[in-house]
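1. what's the 3D shape of this:
(chains A and B)
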Amino acid sequence: MKQTKKVKVILVIIASIISLIFIFPLFWMFFTSFKGMAESISSARLLPRNWTTGNFVELFTVDAASAPIMRWLFNTAFISIGGTALVIITNTLAAYSIARLNLPAKRLFMFIIVASMTVPGIVIVFPRYFNFRDMGLLDTFAPLILPYAASTLGVFLIYSFLRNFPRDLEEAAYIDGANQLQILRHVVFPSIKPVVATLSVITFILIYNDFLWPLLVTNSAEMRTVTVGIANLVQGANFVNPGKMMASTLIATVPALLIFIFANRYFVKGVNSTGLK
Amino acid sequence: MKISKTVSSLMFLPFLLFFILFWMIPFLYGLYVSFHSWTVSGGNGGFVGLDNYIRILSPGNMYHDSFMNALGNTLYFVVISLVPLVVFALLLALLIENIPGKLKVFFRTVFFISYAVSVTAVSAIFKWLFTGNGGYINNVLQGFGLDSIGWLNNQPYAWIAVLAATVWWTIGYNMILFVNALDEVDDSLYEAASLDGANAWQRFWNVTFPSIKGVFVFVTIITVIASFNLYGQTLLITEGGPARSTMSLTMIIQNTIFSQNNLGMGSAMAILMGIIMVFITLVQFLIGFRKDDNA
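-> Presented below is the predicted three-dimensional model:
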């Protein structure tokens, strides 16, 4: 027993060292954002010698027009929440229809859904950009939200879950005279809540993190998402100042980190049921 | 239950509409364009059959050269990222599994937290850590009296920077998959193995690994797919350099379409990339789930 205690202490020490490596880039981002330009490009110290909030002040005054970070955060929040809600509604209805209702050609639909999941996204993303361009919808919220609802993953997940779920309750409700929508809302939905929670978190992170697609379909500074906005800063003239760069990265990252810590258990439970990265 | 076909179809309809508009039509459109000479500015220049594909696959033109260069780079990244992202992730998971209660949750969160950072923020951080002139790592090296390294302008250092950023960003995700799988392993199997006098390695190899093999194959497959889609890190950290050595397939497809104004060729490249990815996934699947395994 003493032996295992010793081993456990060693393991905790190893894990602590690895933790420091993991947390270091975030600490570096945080502290660098409070350094002045001269210090941030020359100092080997992690902590600022002279703390300054100048980078943040500049971001919200001089750079407010070219880099409206709060607007980007709003855009990202809006499309992530809107896109996730849309995915959940369409996918739940579709999966319920395939699994439980009298949908014509349901086997064919299920086959197409599964087959489409094997096609890598790269095949779709560029033609879809030109579809939106031809419709004159670039630089609007439409391409930033609507295409995510074509995701088949959720239909597949909810369908798989429902297929292994007893339908006694639904039949009882049906005999009591409830219609399909009522059954879906009051009987089915409560039982598929875990898989819906998982799907929500996965979809939210997917939309929030998407880079190539929002980069293609947005042009103007005020339509960018946080991800695209930060990329523009990295590629832009402001990049010469790491302190300011990290200040904008910090503002962009903190909300996601907070959501992540809050929803951590859903992530942890959720990732195994999907193949998404 | 007798349910009307109309009600059933109406419930399916919203999804079907989105799927047709934003998946089926782009898919067919991309396929159609790839068989045509098609520019972004001028539109359809006529049916060319398999010409775009043939030019990409036969030597002696710039599309072949850029595609093959990017394919080579991308495959190289897939290979060098596989061990860190899969094996190290499993080691982290095993480490966490052997840490008691509350500390386990703490370390699990710390190792996974970088997944909440977006790819561009990751790139911003790592670009400034590795930048040659004024980057933090070089500042530290100089602080120790060492020579600074032109990380982003020389190989293998540029790949090291991209790899470091990618591993930091995504290893936690794979680790969580392994942690969840390890939680499912039946404890009585370990007890039986301990009674048989098995040491730690034997317990891992004979009990743990066979139990999580399915997840191991799954993690390998999704990691290869993710690494194949390499884009943001090399676009922002190395800008495809030095000397185009970190140009990834996605970057080359985007360049072909928007910089070379060749939508037909770019679409053919995207479809070829898709075919290669499906093929590699299939091979991994067949190897990973062979029936004649002695597990």
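2. all strands of chain B, in order?
-> Under the criterion DSSP state E, chain B carries strands at the ranges B:36-39, B:43-47.
3. adding mean neighbour count, write the ones you listed out as CSV.
-> For every residue, glycine as well, the C-beta is placed using N, CA and C. Formatted as CSV, the entries for the strands of chain B read as follows, by neighbours: other Cβ atoms under 10 Å in any protein chain shown:
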stretch, mean neighbour count
strand B:36-39, 20
strand B:43-47, 11
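4. pick out the shakiest of the ones you listed, pLDDT-wise.
-> Looking over the strands of chain B, mean pLDDT reaches its minimum on strand B:43-47, with a mean of 88.
5. using CSV, write out every CA atom in that strand.
-> Included here for strand B:43-47 are C-alpha records, laid out as CSV according to Å, rounded to 0.1, in the frame of the first residue of the first chain:
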residue,chain,number,x,y,z
GLY,B,43,-17.8,31.3,-65.6
ASN,B,44,-18.3,28.1,-67.7
GLY,B,45,-15.8,27.8,-70.5
GLY,B,46,-17.1,24.4,-71.8
PHE,B,47,-17.1,20.7,-71.0
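6. state the distance from the residue at minimal distance from the centre of chain B to residue B:216.
-> With the centre of chain B defined as its mean C-alpha position, the nearest residue by Cα atoms, centre = their mean is residue B:226, 1.5 Å away. To residue B:216, residue B:226 is 16 Å away according to Cβ to Cβ, to the nearest Å.
7. and if you look at residue A:150?
-> Counting by Cβ to Cβ, the gap between residue A:150 and residue B:216 amounts to 31 Å.
8. neighbour count: those two, which is higher?
-> Applying other Cβ atoms under 10 Å in any protein chain shown to residue A:150 and residue B:216 shows that residue A:150 carries more neighbours, namely 23 against 19.
9. hang on, the more buried one packs against residue B:23?
-> Yes - contact criterion Cβ atoms under 8 Å: residue A:150 and residue B:23 qualify, at 4.2 Å.
10. count the neighbours of residue 199 for me.
-> If you meant another chain, say so; for now it's chain A. Tallying neighbours of residue A:199 according to other Cβ under 10 Å, which is how burial is gauged here, yields 26.
11. my bad, the chain I had in mind was chain B
-> Residues contacting residue B:199 under the criterion other Cβ under 10 Å number 9.
12. gap between it and residue B:213?
-> As for residue B:199, its distance to residue B:213 is 21 Å (criterion: Cβ to Cβ).
13. tell me where the stretch 151-295 of chain B has helices.
-> Taking DSSP state H, counting those that start in this stretch as the criterion, the stretch 151-295 of chain B contains helices spanning B:157-184, B:187-195, B:200-203, B:209-228, B:232-233, B:249-258, B:263-288.
14. so which bits of the longest one are buried?
-> This points to helix B:157-184. Buried residues in helix B:157-184, counting neighbours by 16 or more other Cβ atoms under 10 Å in any protein chain shown, are found at B:157-159, B:161-182.
15. which residues of the chain score low on pLDDT?
-> Assuming you mean chain A. In the predicted model of chain A, residues A:1-3, A:237-238, A:266-277 satisfy pLDDT under 70.
16. right idea, wrong chain: chain B
-> Segments of chain B classed as low confidence (criterion: pLDDT under 70) are B:1-2, B:291-295.
17. re earlier: turn the helices of the stretch 151-295 of chain B into TSV, including distance to chain A.
-> Formatted as TSV, the helices of the stretch 151-295 of chain B follow (distance: least, Cβ to the nearest Cβ, whole Å):
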stretch	distance to chain A
helix B:157-184	5
helix B:187-195	12
helix B:200-203	10
helix B:209-228	4
helix B:232-233	5
helix B:249-258	6
helix B:263-288	4
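18. before I go, just wanted to say thanks for your time.
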